[in-house]
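1. Here's a sequence, model it:
(2 chains)
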Amino acid sequence: MPETAVTALWYRRLVLALLLAPALLWLFALIILPHLDLALLSFRERVAPRQYVVSLAQYRTFFGEPLYWHVFVRTALLSALATALTLLVAFPIAWIIAKLARGRMSALLFVVCLIPFWVSETVRTLGWMILLRESGVLPALLVHLGITRQPVELLYHDATILVGLVYTSLLFMVVPLVGSLESLDNALIEAAYDLGGKGWSILREIVIPHAAPGITAGCIVVFMLTLGNYLTPTLLGGKNSQWFTEQIYTQFITRFNWEQGAAFGFLLLALSTAMVWLGLKISGQRFSDVMRRA
Amino acid sequence: MAATGATPDLQVRSLSKRFATHLAVDALSFSVARGSFFSILGPSGCGKTTLLRMIAGFIQPDGGDIAIGGRDLAQVAPNRRPVNMVFQHLALFPMMSVAQNVAFGLARRGVGRAERLRRAEAMLERVGLAGAGGKRTDELSGGQRQRVAIARSLVLEPTLLLLDEPLGALDLKLREHMKVELKQLQSAFGTTFVYITHDQSEALVLSDHVGVMNHGRFEQLGTPQELYYSPATSFVADFVGANNRLAGKALSVAGSLVELDTSGGWVVRARGHGAIAAGAAVEAFIRPEAAMLGRTPAELPAGQTVHSGEVISVLFDGANSVVLLRESRSRLQLRIALPQTGAYSDLQVGAPICFSFDPERAICFPARAAHA
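-> Have a look, this model is predicted:
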C-alpha cells in the first residue's frame, strides 16, 4: 500500500531527525550561533556610546599594530615547532607501542601515556612550575650536581612553553600514530630490509608513506590544540609568553573590547584553517582519509 | 644430496634453533646445487619457516653455519646477504608503483635513477609485465603480483632466491597456473630457488630436489621420484602423495618381503624397509595406482594374491578418479585408482570387487613410536 509506505518513510525520517537532534542542536547553539554573533561583532566599530557602524576597523587595528601581528606570527611558528617536536617525541613511543611491545606491555605503555590526563591541565602545568621555578626541584638539582653555581630560573622561556605544550599534546599524537603503525604489515619492513634497505631508508620509503594519514591527523589535532591553548603558555611563559589567545583574553576580559577580541578570534580561526589546508597540501593527504585516522 | 662439480650455492651445516622448549631446527645439514630448484616440504610447525628465515638472516641460529656461494654468512645482516626472499603474502610496497617496487633494491645499492628505472623496466619485460611499471600494485592480478615480487628480488641478481609459500594465498586454479610459471621463471633465470611449502604436489611438480622436513629434521632428501617411489621413512610415505596406510604386525620376513597381519586378520605382503623382525609392529603403504582392480579374480594378473572388498563410493575426478572400498576381512578403507579406460564407470556402491598388487610396489616400515 502506498500510504503505509509513505507513513513508514516519514516515520523513519522522524526517527533519524530525533537521533541527530542533540548533535545538531549542539552544533548550532554552541558553535554556529556564537560564531555568527562574533562575526557580526568583529565587523562593527563603536563611534559613540551605544552607537556602532559597520567597519573593518578591528582588522585594520590588527595589521596596523605591530605587537598584534607579531604575537600572531610568533604563536603560529611556536605552535608549528611544538607540533614538529611532539611528532619527533611521539613517533618512537608509538613505534614501541605498535610494533615492539606485545599484549599487556603495549596496553600498559598506552596507559602510561594516558595517566597525565587524569589530572586537570591546570594542576599538571602547576606541576611543571614546581619543577622548573627558580626555587624549584630541577634548579636545586642542577646546583647540587655542580652544573650551575646558582639556581637558574627555568620558567618563562620559550623552551619552557614548548616543553609544556609537547607534554600536553603527546597523547593526541601517539593515538593516531599507533593506529597507522599497527596497520603496517611487518613483512613490508622485512621485505625492504631483505632488499637492502637500512633503518633510515625504510623509515623514509616505507614507514612514513604508510603512516602519512596518521601523522597528518596527529599534526592537525596537535597544532589546533596548541594554537588555541591558553593555560600552558600563560602559566609557563608568564609575561613573555605572548600567545595570541592571551591577546584575545585581554581584549574580551581586561579591555572589554569585544569587537577587537572577536576579530582576533576570527583571525586565529583563519590561521588554523590555513595551516591545516597547507599541511594537507604538503603531505598530499585528503581531509576525509586523515579524519578517519584521528 | 651431493652437489656435482661447482661449489654449491647453499651449504648448511648442523644448523640448530631452539625456541623456549621446542627444537625448531635440529642439527640440519644439506647443500643445494647451483641453478637448482630445491624445496623444503613439511607440515606446518615442522621448522621450515624458521630454517628459511635463518638463511635469509631474520633469525639468528643457535648453532651451525650457513654458507652461500661458498661464503660463510654467520655475521652478515639480511640486507647484505646475496639472498632475497619472496614473502608469503608477497609484501609488495603498496605506496609505490610496480616499477618503483622493482627498483627499490637497486636504489638501496646506489644505482642512479635513470639506470634503475631502465633495469626495472627490462626485468618487468622478462617476467612478462612489459609496460606495467606505472601501475599501482593493487591494480594487478594475483599472478602478476607474484611476478612483480619475483622480479623485485631477481633484479638484484641474488645467488639464492628464497620463496616462503608464495602460492599459499592463491586460489586453486591460479595456483596450478603459477606453479608452471614459477618453474619456467626459474629455468629462464637459472637462479637457485629454495622454496618452502606444505603442499606436496607443489614440491613434486616444481623441484629438482626436495627435503621432507618433520620435527626440525629432514626425513628424506631426494628427487621427487625418489620420494614418491622409494620413501625412506613411513612419514615420507604418508606425507608425499596419496597412500593407503595399513598398520599391523609382521608375521614373517622372507628376503626383502614382509608378510604382515593387519588388525582384522587380513594378511598382505610388502617390501620391507629397515630392520623388521617377525612379531614387530609395522606399517605398510600401498599407492592407489599400485593396485589393480578386477570384478572377478580372473581379471587380475596371475600370481598375485587376490584380495576382495566392496565399493563404498566412487570419487570421479577425471584422470585422478579413485574408488573407495572396504576390504572384506579387516573392514579397512582403501583408495584405489580407477583405470582411465572407463571400464569401471558403471561401478555401483556396495558392489563386490577384487584387487591385487605387486608386493614389491608396497612398502613396509617399522611402526613409528607415536603416530602423529
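2. going forward, measure contacts between C-alpha atoms and count neighbours the same way
-> OK.
3. Residue numbers of the stretch 101-250 of chain A in contact with chain B?
-> The stretch 101-250 of chain A comes close to chain B at residues A:185, A:187-188, A:191-198, A:201, A:206, A:209-210, as judged by CA under 8 Å from any CA of the partner chain.
4. hmm, try it at 10 Å
-> Counting by CA under 10 Å from any CA of the partner chain, the stretch 101-250 of chain A comes close to chain B at A:185-198, A:201-202, A:205-210.
5. ok, and for the longest helix seen in chain A, which residues are buried?
-> With secondary structure taken from DSSP state H, chain A has its longest helix at helix A:66-95. Within helix A:66-95, the residues that qualify as buried are A:68-69, A:71-72, A:74-76, A:78-80, A:82-87, A:89-91, A:93-95, counting by 16 or more other CA atoms under 10 Å in any protein chain shown.
6. same question, stretch B:39-46
-> Per 16+ other CA under 10 Å, stretch B:39-46 contains these buried residues: B:Ser39, B:Ile40, B:Leu41, B:Gly42, B:Pro43, B:Cys46.
7. mind listing the helices for the stretch 101-250 of chain A?
-> Ranges of helices in the stretch 101-250 of chain A, per DSSP state H, counting those that start in this stretch, are A:103-114, A:121-132, A:137-144, A:158-182, A:186-194, A:199-202, A:208-227, A:231-237, A:244-249.
8. In TSV: the ones you listed, plus mean neighbour count.
-> Putting those into TSV (neighbours: other CA atoms under 10 Å in any protein chain shown) gives the following:
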stretch	mean neighbour count
helix A:103-114	14
helix A:121-132	16
helix A:137-144	16
helix A:158-182	22
helix A:186-194	21
helix A:199-202	14
helix A:208-227	23
helix A:231-237	23
helix A:244-249	22
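9. Return the distance of stretch B:299-310 from the chain's centre.
-> Averaging C-alpha positions (CA atoms, centre = their mean, to the nearest Å) puts stretch B:299-310 33 Å from its chain's average.
10. in its sheet, what does the helix or strand that contains B:Met292 sit against?
-> Secondary structure assignment for B:Met292, by DSSP states H and E: strand B:291-294. Partners of strand B:291-294 in the sheet, by DSSP bridges, are strand B:352-357 (antiparallel).
11. On the C-terminal side of the strand it pairs with, identify the next helix or strand.
-> Per DSSP H and E, the first helix or strand lying C-terminal to strand B:352-357 is strand B:362-366.
12. Output that next one as CSV, nothing but the C-alphas.
-> This file holds the C-alpha atoms of strand B:362-366, laid out as CSV (Å, rounded to 0.1, in the frame of the first residue of the first chain):
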residue,chain,number,x,y,z
ALA,B,362,54.1,-51.8,-1.5
ILE,B,363,56.4,-50.8,1.2
CYS,B,364,56.6,-51.7,4.9
PHE,B,365,58.3,-49.8,7.7
PRO,B,366,58.8,-50.5,11.4
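13. Can you name every helix or strand that it contacts?
-> If you count contacts as 3 or more CA pairs under 10 Å, 6 or more residues apart in numbering or on different chains; DSSP states H and E, strand B:362-366 packs onto helix B:234-239, strand B:244-254, strand B:257-262, strand B:267-272, strand B:281-286.
14. try it again with 8 Å
-> Under the contact definition 3 or more CA pairs under 8 Å, 6 or more residues apart in numbering or on different chains; DSSP states H and E, strand B:362-366 sits against strand B:267-272, strand B:281-286.
15. With mean pLDDT and distance to chain A added, can I get these in a markdown table?
-> Below are these laid out as a markdown table (pLDDT from 0 to 100; distance: least, CA to the nearest CA, whole Å):
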| stretch | mean pLDDT | distance to chain A |
| --- | --- | --- |
| strand B:267-272 | 92 | 46 |
| strand B:281-286 | 94 | 41 |
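16. What residues does chain B have near chain A?
-> B:56, B:78-80, B:83-85, B:87, B:91-93, B:95, B:104-105, B:108-109, B:153.
17. what about residue 133, how many neighbours?
-> Assuming you mean chain A. Neighbours of A:Arg133 under the rule other CA atoms under 10 Å in any protein chain shown: 19.
18. that's the wrong chain, I meant chain B
-> Neighbour count for B:Gly133, taken as other CA under 10 Å: 20.
19. repeat for the one 5 residues further on
-> Applying the criterion other CA under 10 Å, we find 13 residues in the vicinity of B:Asp138.
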